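[1] Here's my sequence, what's the structure:
(chains A and B)
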Amino acid sequence: MAELSLRHACKKFGSVQVIHDVDLEVGEGEFVVFVGPSGCGKSTLLRMIAGLEGISSGQLFIEGKEMTRTDPAKRHIAMVFQSYALYPHMSVRANLSFAPRMTGVSRSETEAKVTRVAQMLQLDNLMNRKPAQLSGGQRQRVAIGRALVRSPKVFLFDEPLSNLDAELRVQMRFELAQLHREIGKTTIYVTHDQVEAMTLADRIVVLRDGRVEQVGTPLELYDNPDNQFVGGFIGSPRMNEIEVIVDTRDDDSLCLILPGGGKAIFRLSDKSNRTGDRITLGVRPENFYPASTPEDARVSLNIEYWEHLGGMSLAYGVLEGGNRAVVQLRPDQYKNLRQTKSLSLNFAIENAFLFDSEGVRIR
Amino acid sequence: MIEATPAARRLAKWFLFALALVWLVPLAIMLSVAFTPPHIRISRFGGLMMKDVSIDNFAIVFNDAPILVHLLNSLVITCTSVLFVVLFGAMAAYAFARLRIPGKNVWFFLLITTLMLPVPTLIVPLFMINKTLGLLDSYLGLILPYTALGLPFAIIILRSFFEALPIELEETARIDGVSPARIFWFIALPLSWPALTVVVIFQFMVSFNEFVLALVTIDTDVRKPLSLVPLIYSGQFFTQPGAMFATLTLITVPVIVVYLAMQKFMVGGLTSGAVKG
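    Okay, the predicted model is just below:
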């Protein structure tokens, strides 16, 4: 049985519909990440699960019980906010023990829980400090601790790492993943950072304009995006989206004219495209490689600048035909090309995607 | 923001300094006359040029008039109205800020309009109401009107403060199962100290110094608040300006004490650390 499920969940603010017919099943102990660009409705969806926003139509079930209209307090959830939301006038200890104390948990039980959580999150030495005396990472740990103390069935995280600096974010990400492994609770996590989504999630839910675009494991989404949006959103640097023209088509293949006039033949049974149609070719930056001979080259990239990240180098530029593109090269590949202004490139056809004019993947 | 030039800033500082000095003149005269020995005639600069200092005037006041009784009257009336204004004002303001009440903006607008009425126009109606309710010549006859008159200001100040509190604090508590009343009491209220302090000081000052309504409401001398003392004893102290000014000095002390005691709470930044700015 799913720990949490949403059925045809919709949300309207007045006449504006912001969440459209979301169906989702989250298994027990699963770590699910909602990801999408700003304004896609991921935080609203999380708040609907929390009960902080009403569900306009549809249903929410937690552990098989309908909770659509249940008060947030009775949903057995705990939420960690982006802004930490620590009570500033209370010490760390008071922050952790506030909810149990207010809900009638005995003093000794509260004390035991708080001590256990404080040890788990290494907050023991900070118990008497006020939030203003803590660093960003420590505050976030207290916020997580406050959620843990309640022993909820489902954890909700609303962009919890967005306010931390890059280094701390990586560290906290690691700690969160470890924590989830330790306690094994069902977790729903909202982020706009696809790297966070890829590294933390058992499954990712990609949202756009209040609709679920695709649900899958990180590698499923990376290797098999359903559409151009998911393909572009998952993966960093972004997938290259190159406009190509259908040249010829036979029963099981499609010949495309690439920018600059090169050709590529794809095995494809889809017959919806005709000669002259414009479709989109999706190639991830690491799937490009420098052509060994002029005959081997499919496209040519005029390099505008390089980014060297140590383990890899990224070449940013414009393809013949005007599409912008980024190519990821290993240091040994880059070594021979450092003076190059233009790169002749090939790509592995089996790793490339094709999207029709609506953005739906056809291969 | 446009930065003022150093010269303009210096000029502004001197101008404000001069203005503050002018403002302080009556206060300085009050203090200097009060502390001038009773046998010395007040002559030059309204008594500002003091030749000698004594507290004899205060001794006269304490001997001739039951000042402490009047002070107690004032404190009972003022503190009760402050307590009511803070309690009811905070609850109403929180409701205005956070609850979904139909037509709440209309109610709020009505509240604001009550601030537009000059208090003297209310004296006769308030007197009539007090008379009908049998509250004339009682503390309640002042406490209730002071509370009613103080509430709109308190609600306006506190509402905007509550609205500015990070909503996540309350949402976290809500998810954690804390009741709205406890969220108000344990989270919203303790974080509103700066605004509550403003309300306390303002309400204390207004109630403590109020004169006209006290004059028409309280008849018995021993129930009269401190603000009426100069009037009660004006005949007695007519020939003793030093005693009169000593009385005025004594009236100002409680307000200043309250202000000094409360002002440390007025500094903002109480919510720092609550949410990342």
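[2] Now residue A:110. Nearest residue, chain neighbours left out?
    Once flanking residues are discounted, residue A:110 sits nearest to residue A:100: 4.2 Å by C-beta to C-beta, 6 or more residues apart in numbering or on different chains. Any C-beta I mention is one placed from the backbone N, CA and C, and that applies to glycine too.
[3] quick one, what contacts that neighbour?
    With contact taken as C-beta atoms under 8 Å, 6 or more residues apart in numbering or on different chains, residue A:100 is in contact with A:109, A:110, A:113, A:114, A:149, A:150.
[4] State the number of residues packed around the last one.
    Translated: residue A:150. Residue A:150 has 21 neighbouring residues, counting by other C-beta atoms under 10 Å in any protein chain shown.
[5] swap in the first one?
    Applying the criterion other C-beta under 10 Å, we find 10 residues in the vicinity of residue A:109.
[6] Give the full set of residues in contact with it.
    So residue A:109 contacts residue A:100 (C-beta under 8 Å, 6+ apart).
[7] Give me the pLDDT value at it.
    On the pLDDT scale, residue A:109 is placed at 94.
[8] how much space is there between it and residue A:100?
    In this view, residue A:109 and residue A:100 are 7 Å apart by C-beta to C-beta, to the nearest Å.
[9] out of the contacts of residue A:100, which one sits closest to chain B?
    residue A:150 (6.1 Å; C-beta to the nearest C-beta).
[10] Give me the nearest residue to that closest one, chain neighbours excluded.
    Residue A:150 sits nearest to residue A:78 (C-beta to C-beta, 6+ apart), 4.9 Å away.
[11] which residues touch the one you found?
    Contacts of residue A:78 by C-beta under 8 Å, 6+ apart are A:146, A:147, A:148, A:150, A:152, A:154, A:155, A:156, B:175, B:176.
[12] So for the host helix or strand of residue B:16, what gets flagged as buried?
    Taking DSSP states H and E as the criterion, residue B:16 maps to helix B:6-34. Buried residues in helix B:6-34, counting neighbours by 16 or more other C-beta atoms under 10 Å in any protein chain shown, are found at B:29, B:30, B:31, B:32, B:33, B:34.
[13] Quick check: next helix or strand after it?
    In N-to-C order, the element after helix B:6-34 by DSSP H and E is helix B:56-64.
[14] export that following helix as PDB, just CAs?
    Written as PDB, here are the backbone C-alpha positions of helix B:56-64 (Å, rounded to 0.1, in the frame of the first residue of the first chain):
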ATOM      1  CA  ASP B  56      11.000  72.000  50.000                       C
ATOM      2  CA  ASN B  57       8.200  72.400  47.400                       C
ATOM      3  CA  PHE B  58       7.800  68.600  47.200                       C
ATOM      4  CA  ALA B  59       7.600  68.500  51.000                       C
ATOM      5  CA  ILE B  60       4.800  71.000  50.900                       C
ATOM      6  CA  VAL B  61       2.900  69.000  48.200                       C
ATOM      7  CA  PHE B  62       3.300  65.800  50.100                       C
ATOM      8  CA  ASN B  63       2.200  67.400  53.400                       C
ATOM      9  CA  ASP B  64      -0.800  69.400  52.000                       C
END
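[15] quick one, that helix and helix B:6-34 angle?
    50 degrees (axes from the mean of the first three to the mean of the last three C-alpha atoms, to 10 degrees).
[16] Against which helices or strands is helix B:56-64 packed?
    helix B:241-266 (3 or more C-beta pairs under 8 Å, 6 or more residues apart in numbering or on different chains; DSSP states H and E).
[17] in the longest helix seen in chain B, what counts as buried?
    The residue-count maximum for a helix in chain B (DSSP state H) belongs to helix B:67-98. Buried residues in helix B:67-98, defined by neighbour count with 16+ other C-beta under 10 Å: B:67, B:70-71, B:73-74, B:77-82, B:84-86, B:88-98.
[18] Stretch A:32-45 now?
    By 16+ other C-beta under 10 Å, the buried positions in stretch A:32-45 come out as A:32, A:33, A:34, A:35, A:36, A:40, A:41, A:42, A:43, A:44, A:45.
[19] Stretch A:66-86 too?
    A:67-68, A:72-73, A:75-86.
[20] what's the spacing between that stretch and its chain's center?
    Stretch A:66-86 has its C-alpha centroid displaced from the chain centroid by 22 Å (C-alpha atoms, centre = their mean, to the nearest Å).
[21] so how far is the first residue of that stretch from its last?
    Taking C-alpha to C-alpha, to the nearest Å, stretch A:66-86 runs 30 Å from one end to the other.
[22] mind listing what the closest residue to residue B:249 other than its chain neighbours touches?
    For residue B:249, ignoring the flanking residues on the chain, the nearest one in space by C-beta to C-beta, 6+ apart is residue B:34 at 4.5 Å. Each residue near residue B:34 by C-beta under 8 Å, 6+ apart is listed here: B:57, B:58, B:242, B:245, B:246, B:248, B:249.
[23] Give me the below-cutoff pLDDT ranges for the stretch 151-277 of chain B.
    Applying pLDDT under 70 to the stretch 151-277 of chain B flags residues B:266-277.
[24] Could you list the low-pLDDT ranges of chain A?
    In chain A, residues with pLDDT under 70: A:1-2.
[25] mind giving me the domain ranges of it?
    As given by automatic domain parsing, the domain ranges for chain A are A:4-233, A:240-355.
[26] Quickly compare these and say which is most buried.
    domain A:4-233 (a mean of 19; mean count of other C-beta atoms under 10 Å in any protein chain shown).
[27] chain center to it: distance?
    14 Å.
[28] got it, and stretch B:149-165?
    Relative to its chain's centre, stretch B:149-165 lies at 16 Å (C-alpha atoms, centre = their mean).
[29] go on, stretch B:189-208?
    So, by C-alpha atoms, centre = their mean, the centroid of stretch B:189-208 is 8 Å from its chain's centroid.
[30] Which single residue of the stretch 101-250 of chain A ends up nearest chain B?
    residue A:132 (3.1 Å).
[31] shouldn't residue B:137 be in contact with residue B:223?
    Yes: in this structure, residue B:137 is within contact of residue B:223 by C-beta atoms under 8 Å, at 6.6 Å.
[32] Including distance to residue A:359 and neighbour count, could the contacts of residue B:34 go into TSV?
    TSV is the format used below for the contacts of residue B:34 (distance: C-beta to C-beta, whole Å; neighbours: other C-beta atoms under 10 Å in any protein chain shown):
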residue	distance to residue A:359	neighbour count
B:57	90	24
B:58	88	18
B:242	91	25
B:245	85	24
B:246	87	28
B:248	81	18
B:249	81	18
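[33] Looking at those, which one is closest to chain A?
    Closest to chain A, out of all of the contacts of residue B:34 and judged by C-beta to the nearest C-beta, is residue B:249, at 37.9 Å.
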